[in-house]
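**Q** Sequence below, structure please.
(chains A and B, ligands or ions: 2)
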Amino acid sequence: MAVIVYPDTVEKEIKKASKEAVYYASKVAGQLGTETIALALGTLEEDKLSTLAKYGADQVATVHDERLDHFDSCAHTKAVAEIVEQYSARVIVIPYTNNGQGLAPRLSARLKAGLVPGAVDFPRTDGDFVVKKGVFSGKGFAYYKINTDRKIIGMLPNSIGPQENPKAGAVEQLNVTLEDSDFTVQVKDVQKSTEGVPLSEADLVVSGGRGLKGPENWGVIEDLAETIGAATACSRPVADSEWRPHHEHVGQTGQTIRPSLYIAIGISGAIQHLAGINKSKVIVAINKDPEAPILKEADYGIVADAFEVVPKLTEALKEKVAAS
Amino acid sequence: MGSSGFQLFEFLVSFGYCFARIERRKIDLMKSLVCISKVPDTTTKVTFTDNNTKFNEENVQYIVNPYDEWYSLVRALELKEAKGEGTVTVVNVGPADNEQTIRKALAIGADDAVRIDAQPTDGYYTAAQIAAHAKDKGYDLVWAGSESIDYNGFEVGGMLAELLGLPYVQNATSIDYDGSSATLVRNIEGGQETLSVHSPFVLSTQKGMAEARIPNMRGIMQAKKKPLEVISPVEAENLTEITKFEHPPEKGEVKMIDPENVEELVDLLQNEAKVL
Ligand SMILES: Cc1cc2nc3c(=O)[nH]c(=O)nc-3n(C[C@H](O)[C@H](O)[C@H](O)COP(=O)(O)OP(=O)(O)OC[C@H]3O[C@@H](n4cnc5c(N)ncnc54)[C@H](O)[C@@H]3O)c2cc1C
Ligand SMILES: Nc1ncnc2c1ncn2[C@@H]1O[C@H](COP(=O)(O)O)[C@@H](O)[C@H]1O
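**A** Ligands and ions are numbered 1, 2, ... in the order given. Model (predicted):
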């Protein structure tokens, strides 16, 4: 009956999205009157395992196998499927991160368990099992009903926010049968982004568009971001012109983010851009054109030349930061 | 061993040799299958009908899902061109009016197309249709987009990989392929991973893979004559269904701030919006 949650333990870390998924799973388990089992694959350290308890795992199951330290959709799916059977789990929660997107669909097909790919809210469990999910790249929501007994929820990161929910979280070592042939990819290299806060996890984001004219002007964006501890992002043409690295590009064909604060500077607000950012809690737009579409989407707007107003804003923020 | 036994042995060896050669030739001839979904143009105003249970298709312009067209298809064509041989087949699960969209993929350069005549009602159902077509065709590379921009599922590629029993590399931003082994870069949280995998396998693609191509007149003319096979769906379940749609909440009016008074914005962000 249990709820099993798979934290994405990429590079043996428990990131924000995984904490959030464990918390989410513990709430679902509460709704269903059952317990939460966090399944940590690979050789995680003790303190990482206890983090899972802190966010709501009644029990932490681990498979201490080095080969599982790198994600492999075949091996990880096989391991999770086996453990789901062992616990007769009814609901499986998977953060819909890059790895989660490799695991959840495979597991769904293997177990013939319906998947909600990108849930943004808790499920409705009285009667039908129904979960809300974003569709049409931010232009709508849909309620997905899962028809199968066993259910998989791919949880969209940053949709609930992690909260602590301390539980006992006794650690149990499990064994699963994994042959070498279950490992199908060979990891050659892992490059971590060098910047402070990865965009996908950032709570505050400062983003620049073509209005900044060229890469040499990005100092104003970086200064503002640094002052408030924000990550930096950009519009698509900015990445296409190689003013900024591709992983900063947000929008329909880039990253989808949902920070608390998104500051758009010199960005017109094309619909494809909005698709990636319109779930932000608060949007600030700085644009010299009072007709720019971004101002219709924003909560706060300043019509001015970015090169004049952004340094002033940075100064004002510095004073506040210093005062607090 | 008697002489007839030896002959049989010899025959088997030569047969095996032949077989190995056929196998090798098959590997040389790189075969790609590119899954393409048909989606509303990115500028579509999204509305719903039937008491918010259906997407309103009226006046909607359809396009090939940008991930499928810009990243998967173009990169599959580039690999084929670099090798100087091979085939790129596109597959779509959908009704007859999808054929216009499918022809666009042929105009960009796909060799042939398969349309599986069914409504793609659920990710699993769709993947099961593609898997039934692909399972005995000997495709080396099976390409999906990371997501379709209508239902944003990030799911069909992974389901397909499982149904075909193949490795899966999701959200790849580049691929090089030597005919049997591939090196890919894929996104992970807070970074990128470089990995290698042997074909056949399934991948899903993201930005970085390739630049968009615009079909030329010749491509458009040729596309009309390229084979587009229509096949019947197989039995498969819908594991999920959509019961209702909803619009995102309306945005309130934007509050304009005097550029001479940026302190007001700082104050609002701290005390009204409470995000700082
Ligand atoms: C299928 C498809 C997918 C796409 N996907 C994406 C995507 O994922 N992400 C994305 O961003 N785009 C995407 N696009 C592109 C999108 O349509 C827009 O072209 C793009 O977002 C525009 O970028 P921009 O706002 O930086 O530039 P522009 O539209 O050129 O806007 C620049 C803005 O800066 C303002 N400005 C100029 N100078 C100043 C100044 N000194 N101070 C202040 N403001 C100034 C201007 O008033 C203008 O509003 C996609 C397009 C298509 C067709
Ligand atoms: N109806 C379909 N026909 C063919 N391929 C599809 C279909 N729907 C989705 N796909 C493929 O699966 C990818 C991911 O779609 P999704 O999982 O729906 O977000 C798309 O980019 C396509 O490559």
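**Q** wait, doesn't residue A:208 sit right on residue A:262?
**A** No - the criterion here is C-beta atoms under 8 Å, and residue A:208 misses it with residue A:262 at 11.9 Å. For glycine as for every other residue, the C-beta is placed from the backbone atoms N, C-alpha and C.
**Q** where in the stretch 1-150 of chain B is pLDDT low?
**A** The model of the stretch 1-150 of chain B has pLDDT under 70 over residues B:1-28.
**Q** Can you name the residue of it nearest ligand 2?
**A** Relative to ligand 2, the nearest point of the stretch 1-150 of chain B is residue B:145 (2.4 Å; C-beta to the nearest ligand atom).
**Q** Could you find the closest non-adjacent residue to that residue?
**A** Nearest non-adjacent residue to residue B:145, counting by C-beta to C-beta, 6 or more residues apart in numbering or on different chains: residue B:67, 2.7 Å away.
**Q** In which helix or strand does the residue nearest the centre of chain A reside?
**A** In chain A, the centroid-proximal residue (C-alpha atoms, centre = their mean) is residue A:157; its distance is 2.9 Å. Using DSSP states H and E, residue A:157 maps to neither a helix nor a strand.
**Q** so what's it up against?
**A** Residue A:157 makes contact with A:16, A:17, A:20, A:95, A:96, A:97, A:200, A:201, according to C-beta atoms under 8 Å, 6 or more residues apart in numbering or on different chains.
**Q** So the third one belongs to a strand, correct?
**A** No - assessed with DSSP: H, G, I helix; E, B strand; the rest coil, residue A:20 is helix; it does not lie in a strand.
**Q** what about it, distance to residue A:156?
**A** 10 Å (C-beta to C-beta, to the nearest Å).
**Q** From what I see, residue B:233 and residue B:114 are in contact.
**A** No - if you go by C-beta under 8 Å, residue B:233 and residue B:114 don't touch, sitting 11.9 Å apart.
**Q** Looking at the two, which is more packed in?
**A** Each of residue B:233 and residue B:114 has its neighbours counted (other C-beta atoms under 10 Å in any protein chain shown); residue B:114 has more, 20 against 17.
**Q** helix, strand or coil for the more buried one?
**A** Residue B:114 is classified as strand under three-state DSSP.
**Q** residue contacts, it?
**A** Residue B:114 touches B:89, B:90, B:91, B:92, B:133, B:228, B:229, B:230, B:231, counting by C-beta under 8 Å, 6+ apart.
**Q** ok, and of these, which contact ligand 2?
**A** Subset of the contacts of residue B:114 in contact with ligand 2: B:91, B:92, counting by C-beta under 6 Å from any ligand atom.
**Q** In helices, which of the contacts of residue B:114 appear?
**A** residue B:133 (DSSP state H).
**Q** Can you lay out the contacts of residue B:114 as CSV showing neighbour count?
**A** Formatted as CSV, the contacts of residue B:114 follow (neighbours: other C-beta atoms under 10 Å in any protein chain shown):
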residue, neighbour count
B:89, 21
B:90, 30
B:91, 26
B:92, 28
B:133, 19
B:228, 17
B:229, 12
B:230, 11
B:231, 14
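**Q** Just the closest of the contacts of residue B:114 to chain A, please.
**A** Distance to chain A across those (C-beta to the nearest C-beta) is lowest for residue B:133, with 15.7 Å.
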